[in-house]
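Chemist: got a predicted model here, sequence first, then my questions.
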Amino acid sequence: MTKQNKPDEQGDALTAADELAEIAGQGNCGMPPAMWAYYFGMEHVERNTGPDYPVLTPSQQSTLRTVAEGQIMRTFDAQADTLPLSEAPLGLRWPKGQPLPPKWREGLYMTKVELRAWAKEHAQELLGSALLAEPAPESAPAVEAATIAEQGTDKTMPDWRDEARRIVTEIHNRHLKIGMEGTLSKYAETVANALRNEGIRGPNGWLSAGTVKREALTGKQWWQIRPRSLPPEDTGSVGNVGNVGSIDAG
């Protein structure tokens, strides 16, 4: 992963959750130390917002993230000579004992796999982050489904409502793994876009977020019966995640 743009402070909260979930779900990715610190700070804020926590203004959330980000960077700075730093574009490891360049925090990078191994020895507190969680092994049903798809087995196309609930369940589970949860309206919007990307239409054409929300997700169709937490073996991270916090007040 290359250096990403930081989300706007007034931007879509669900987008921030998706961004964290994407990083958490990747087997490996690379970012500069400063970006790792930023996302660790963002994760800390998302885990400490919601109905069971004091209400924070956007400014207070930004301050909390900045404080957490600063603590992570101090940890990196104090042990900079042990960090698994590499240099683009060839990905060569920065030579041990060689003075670091002035902008190493932004110019060099660390992969998730290498940072996880480093944290096990030098900063075990970071292992509680979903961003460094060990990848889950592929399940047998998933392997079987992939095999069926490769064989071109003719299957009846499922109802779009079932597909919508399948998609939202996958998204919702990713959010639960990092201790967050979006609103019904935001999930409906995300699912509508996913259905369009997969070429799935309703009987009258493309499906709007309102239709998805009304006909597939609202009430006991999904929203009222959705799980509020994952079984312990499926949380995908180690450490105190805490209660699921709402990531969108809208």
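Modeler: Here it is on my side, so go on.

Chemist: got any ranges where the protein has weak pLDDT?
Modeler: For the chain, the stretches with pLDDT under 70 are 1-16, 50-52, 136-158, 232-250.

Chemist: next one: the spatially most central residue of it from R74, what distance?
Modeler: Nearest to the geometric centre of the chain sits A21, at 1.2 Å (C-alpha atoms, centre = their mean). From A21 across to R74, the span is 27 Å (C-beta to C-beta, to the nearest Å). The way it works is simple: take the backbone N, C-alpha and C, and place the C-beta from them, glycine included.

Chemist: do K186 as well
Modeler: 35 Å.

Chemist: who has more neighbours, those two?
Modeler: Ranked by neighbour count (other C-beta atoms under 10 Å), K186 and R74 place K186 first, with 22 against 11.

Chemist: residues contacting the residue nearest to the centre of the chain?
Modeler: Neighbouring residues of A21 by C-beta atoms under 8 Å, 6 or more residues apart in numbering: 171, 174-175, 177-178.

Chemist: can you give me the end-to-end span of stretch 205-220?
Modeler: Terminal residues of stretch 205-220 lie 25 Å apart, using C-alpha to C-alpha, to the nearest Å.

Chemist: quick one: it to chain centroid distance?
Modeler: Stretch 205-220 sits 24 Å away from the centroid of its parent chain (C-alpha atoms, centre = their mean, to the nearest Å).

Chemist: what's that stretch in contact with?
Modeler: Counting by C-beta under 8 Å, 6+ apart, 160-161, 164-165, 168, 184-185, 187-189, 191-192, 195-196, 200-202, 221-223 sit against stretch 205-220.

Chemist: out of these, which are buried?
Modeler: 160-161, 164-165, 168, 184, 187-189, 191-192, 195, 200, 202, 222-223 (16 or more other C-beta atoms under 10 Å).

Chemist: so which of those belong to helices?
Modeler: Using DSSP state H, the members of the buried ones among the contacts of stretch 205-220 that fall in helices are 160-161, 164-165, 168, 184, 187-189, 191-192, 195.

Chemist: from those residues, pick the one nearest A37.
Modeler: When these are compared for distance to A37 (C-beta to C-beta), Y187 wins out at 29.4 Å.

Chemist: and this structure, what are its domains?
Modeler: 28-132, 141-246 (automatic domain parsing).

Chemist: nearest to A17, of those?
Modeler: Using C-beta to C-beta, the domains of the chain put domain 141-246 closest to A17, at 4.7 Å.

Chemist: list the contacts of Q221.
Modeler: Residues near Q221 by C-beta under 8 Å, 6+ apart: 161, 165, 215.
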